[in-house]
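Colleague: just need the structure, nothing else, for what follows:
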Amino acid sequence: MKGKGKSIGWSQIIAGFIIFLGVFNIWDQYTSGIPISPSYYIMILGGTIFILLRSKKSD
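Modeller: Down below sits the predicted model:
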């Protein structure tokens with residue numbers, strides 16, 4: 001991965017969007033008083049792990 005610098009790939013943008021969706025849905029359910037669905041936590045966790053793995057590979 002030489003010469004690429006710190007450019008963000010599409011996969012990281014998608015993972016970031018998934019994390020954003022998860023956070024947004026948790027906030028929406030929290031403010032509405034609805035019990036929070038565990039699937040949103042899994043979305044955030046999965047997206048975070050994916051970004052961490054991708055950033056480690058590029059080093």
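Colleague: where in the protein is pLDDT low?
Modeller: Across the chain, residues meeting the criterion (pLDDT under 70) sit at 1-8, 58-59.
Colleague: and residue 51, what is it in contact with?
Modeller: By CB atoms under 8 Å, 6 or more residues apart in numbering, the contact set of residue 51 is 12, 15, 16, 19. For every residue, glycine as well, the C-beta is placed using N, CA and C.
Colleague: helix or strand for it, which one?
Modeller: Taking DSSP states H and E as the criterion, the element that holds residue 51 is helix 38-58.
Colleague: before we move on, the earlier item: by neighbour count, which of the contacts of residue 51 wins?
Modeller: For the contacts of residue 51, neighbours were counted using other CB atoms under 10 Å, and residue 15 has the most, 21 neighbours in all.
Colleague: other SSEs contacting whichever strand or helix holds it?
Modeller: In the assignment (DSSP H and E), residue 15 maps to helix 10-32. For helix 10-32, the packing partners by 3 or more CB pairs under 8 Å, 6 or more residues apart in numbering; DSSP states H and E come out as helix 38-58.
Colleague: for the helix it packs on, buried residues please.
Modeller: Taking 16 or more other CB atoms under 10 Å as the basis for neighbour counts, the residues of helix 38-58 that come out buried are 40, 43, 44, 47, 50, 51.
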